[in-house]
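>>> Predicted coordinates and the sequence they were generated for:
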Amino acid sequence: MDLTGTYIFDAPRQAVWDALMDPQVIAAILPGCEKMEETGPNNYRAHIKIKVGPVQGNFEATVALSNIQPPHDYHLSVSGKGTPGFVTGEGDLTLEEQDAGKTLLTYKGKATVGGKLAGVGQRLLDSSAKFIVNQGLNALEKEIKVRIVSGGGGGAGVG
């Protein structure tokens, strides 16, 4: 499954970058993320509850960031498994400054699913993945605005 797209944030690139590098922010905006903890530099373990159509369950996932070029881009790798199957994926996030203090996020990646999760069908998987990405990006936009208003340091807690 391919995941590609763009999103324009109404915030400067550094503010978007700082939020994308904050594991507490990522845990707060990632739909279904119940816990995220650092296991090493730019490496994390997450507990995520996912529902795709009739299939739902908990995943234990690892997340790793690499090729980090602040405040421009990084490579993301994710691997998770749980009762409904497994998910692996990787991709790249790129930030570009735009006019009027806006930032363009471009993402491009691939994901593979297996087990019961793969049995729901490609169309449902694709639409669910797009929904989850969009929901996360909208939540990130809100979180960045809160951080800007509060002076850049505040943010969401891990749920």
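Sure thing, it's come through. Residues are numbered from 1 along each chain as shown.

>>> the strands in the chain, which residues?
2-9, 33-40, 43-52, 55-69, 73-82, 85-97, 103-114 (DSSP state E).

>>> gap between residue 142 and residue 9?
Distance, residue 142 to residue 9, by C-beta to C-beta, to the nearest Å: 11 Å. For the C-beta atoms, the positions are set from N, CA and C on the backbone; glycine is no exception.

>>> tell me, what's touching the two both at once?
When contacts are counted by C-beta atoms under 8 Å, 6 or more residues apart in numbering, residue 142 and residue 9 have no shared neighbour.

>>> So for residue 150, which of the strands of the chain sits nearest?
Of all the strands of the chain, it is strand 2-9 that lies closest to residue 150, at 16.7 Å by C-beta to C-beta.

>>> Summarise which helices and strands that closest one is packed against.
Judged by 3 or more C-beta pairs under 8 Å, 6 or more residues apart in numbering; DSSP states H and E, strand 2-9 is in contact with strand 103-114, helix 122-149.

>>> Can you give the strand pairings for that strand, parallel or anti for each?
With DSSP bridges as the test, strand 2-9 is paired with strand 103-114 (antiparallel).
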